[in-house]
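1. Fold the following for me, if possible:
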Amino acid sequence: MPGLGKQFLRNVYTSWLGYAIRAVVAFLFVPYVTTVLGDSRYGVWVIIFQTINYFSLLDIGMSSAITRYVSKFLSKRDFGGINRVLNTSNLAYLALGSLALAGVYLFTVLFFDYFKIGDPALAEEGRKALLVLGLFIACSFYLLPFGNTLVAFQRQDIAAGLKLVEELVRTAIMVWLLSQGYGLLSLALSLVAVSLARHLVALVWLKKLYPQLRFAPRLANAATATMLLGYSKISFGITVAWLVIFNTDVFLLGLLNSAAAAGIYYPGAQLLLHFRNLVNSIGTPLIPAISHLDATASRSRINEVYFKGLRYTSYLSFLLAVGLIAYARSFVGLWLAPEFAETAVVIIVLAVGAAVFLPQIIGNSVLFGIEKHRYVLYVLAVEAVAKIILALILVGKYGLLGMALASAIPQVVIYLSLFPWLLARQLQISFVRLVWCELKSGLAAVMVAVPISILVRHLLPPDTWAGFAINIAVVVLITGAIGYRFVLRPDDRLRVIEFFYRR
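-> Prediction:
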């Protein structure tokens, strides 16, 4: 596909811009919603929201299979194959969405009372909101094949823009609802309405870009279903592991500790999730790009792309970790109410694991792109089991700190040993070279960021928003300039200059 590299860069830049704006929105919205709802009510909201994430398991990995095969067929301009993929998956999602809706209903009836929610009225409010979110997950499934596949068509830029608009509109509506005294049920209804609108707009946009696409159930066939399921069965296992790793923290705290503890933990976990999304904005559009390279037998080029991505994301990830550790307490003290002070401890511990884990999002994307994603499943399964075991041991004794440690410890151990070893075997590269590439860039970031943050904090303590903003601006500018000069390769520096010069 001509212009693959330029489109990939456009996808990354627009994703970064979208995540930056969404992070600012979350930064402004979280303290408002936590203040209005309080820790217990906010805890119930995040518990039901993470509960609904488990029903996304019914995707059974089909969305990853769609991305893989749409991008593969697109590289050959085979719209017949694309239409077979979309229409076959569309029939599957009609059944899966209905099953998800029924599953949410059964969960609210049979299991919701197991959460430690002291106020019966609050529990009933949460139950009703969860039922509405069941409609949200069902609609997402119904519209996914044609309304949420822009990434597969190498148009992450459009997908990121629509997602940003959705979040801005939804946040504005939720703020208005909260200001008028509405509760969790109304917040859930607003989420369903805005998400549905975004999927419909994406569907229309995709059809405009590719008029060759056809919504025709007769194009579905058993051979295509077998092909999709062959890929998706591994992706399904990966989805299960991801949910255990990134969506059980609040769930487990709600079961083992309290809804209030879940509410205090959640803002810190979400902050780390935003940074994961920042790195994932490279990884997500990289999957179809790697599939394209794999289809054209460019394995050496894949290795080159991987090492470049690992080098850059390691520098970025370790910088983020140093910043989070250095400024967590000051940030939380300014950002949230006093009862959320322990959120800072969560951020500090999770940042250590993120520094090691985040760079290997690039490795995940490569394995997905070359259809070796079963190795991602092996690693995630080990991480998920380790996290659950540690959580059961540590949460009862250490509470929030125990949950954070249960998340961070497996990441540090696994992503410095098992994952790079498996990846090195698949790409036929040196394990030592791979680990050293990550640590070299990461340690360079630490050596740059630590003294700068210490010096700036000493000269201007970040105990006001102005002081905090100046601290962050100075650290970002200096570390960014050093990274641009000494980490970014000369050809990539030229591409960055050319991209912004054209703008």
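2. Can you tell me, leaving aside adjacent residues, what's nearest to Ser314?
-> Leaving out its chain neighbours, the residue that sits closest to Ser314 by C-beta to C-beta, 6 or more residues apart in numbering is Ser441, at 3.8 Å. All C-beta spots, glycine's among them, are computed from the backbone N, C-alpha and C.
3. before we move on, which element is that neighbour in?
-> For Ser441, the host element (DSSP states H and E) is helix 431-459.
4. on that earlier part again, could you tell me how many residues sit around the residue nearest to Ser314?
-> Ser441 has 22 neighbours, counted by other C-beta atoms under 10 Å.
5. How much space separates it from Asn87?
-> Distance of Ser441 to Asn87, computed by C-beta to C-beta, to the nearest Å: 44 Å.
6. tell me the contacts of the residue nearest to Ser314?
-> Going by C-beta atoms under 8 Å, 6 or more residues apart in numbering, Ser441 touches 310-312, 314-315, 318, 359, 487.
7. Next one: it from Ile302, what distance?
-> With distances taken as C-beta to C-beta, Ser441 is found 19 Å from Ile302.
8. Now for this protein, the helix or strand with the poorest mean pLDDT.
-> One helix or strand of the chain scores below all others by mean pLDDT, DSSP states H and E: helix 490-502, with a mean of 66.
9. Centre of the chain to the helix or strand where Ala172 lies, how far?
-> In the assignment (DSSP H and E), Ala172 maps to helix 156-179. Helix 156-179 sits 17 Å away from the centroid of its parent chain (C-alpha atoms, centre = their mean, to the nearest Å).
10. Could you give the number of residues near Gly268?
-> The number of residues packed around Gly268, counting by other C-beta under 10 Å, is 27.
11. does it really touch Leu350, like I thought?
-> Yes: at 6.6 Å, Gly268 counts as touching Leu350 under the criterion of C-beta atoms under 8 Å.
12. Output the contacting helices and strands for the helix holding Ala172.
-> Packing partners of helix 156-179 (3 or more C-beta pairs under 8 Å, 6 or more residues apart in numbering; DSSP states H and E): helix 4-54, helix 184-209, helix 259-295.
13. now do 7 Å
-> Here helix 156-179 touches helix 4-54, helix 184-209, going by 3 or more C-beta pairs under 7 Å, 6 or more residues apart in numbering; DSSP states H and E.
14. Minimum distance to Gly480: which of these has it?
-> Counting by C-beta to C-beta, Gly480 lies closest to helix 4-54 out of the helices and strands packed on helix 156-179; the figure is 12.8 Å.
15. what mean pLDDT would you report for the helix or strand following that closest one?
-> Moving toward the C-terminus from helix 4-54, the next helix or strand (DSSP H and E) is helix 62-75. For helix 62-75, mean pLDDT is 79.
16. Now do helix 62-75: distance to the chain's middle.
-> Put simply, helix 62-75 sits 20 Å off its chain's centre (C-alpha atoms, centre = their mean).
17. got the CA positions of it in CSV?
-> Output in CSV follows, covering the C-alpha atoms of helix 62-75 (Å, rounded to 0.1, in the frame of the first residue of the first chain):
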residue,chain,number,x,y,z
MET,A,62,-13.0,-11.7,16.9
SER,A,63,-12.1,-8.0,16.7
SER,A,64,-8.3,-8.9,16.6
ALA,A,65,-9.1,-11.4,13.8
ILE,A,66,-11.0,-8.7,11.9
THR,A,67,-8.0,-6.3,12.1
ARG,A,68,-5.6,-9.0,11.0
TYR,A,69,-7.5,-10.1,7.9
VAL,A,70,-9.0,-6.8,6.8
SER,A,71,-5.5,-5.3,6.8
LYS,A,72,-4.1,-8.4,5.0
PHE,A,73,-6.8,-8.3,2.3
LEU,A,74,-6.5,-4.5,2.0
SER,A,75,-2.8,-4.8,1.2
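18. Pull out the buried residues from the helix or strand following that helix.
-> Moving toward the C-terminus from helix 62-75, the next helix or strand (DSSP H and E) is helix 79-110. Within helix 79-110, the residues scored as buried using 16 or more other C-beta atoms under 10 Å are 81-90, 92-93, 96-97, 100-101, 103-104, 107-108.
19. If you count contacts, what does helix 79-110 end up packed against?
-> Of the remaining helices and strands, those touching helix 79-110 by 3+ C-beta pairs under 7 Å, 6+ apart are helix 62-75, helix 120-147, helix 222-247.
20. and the ones you listed, which is most packed in?
-> Mean neighbour count, computed with mean count of other C-beta atoms under 10 Å, is highest for helix 62-75 among the helices and strands packed on helix 79-110, reaching a mean of 23.
21. That helix vs helix 120-147, what angle?
-> 20 degrees (axes from the mean of the first three to the mean of the last three C-alpha atoms, to 10 degrees).
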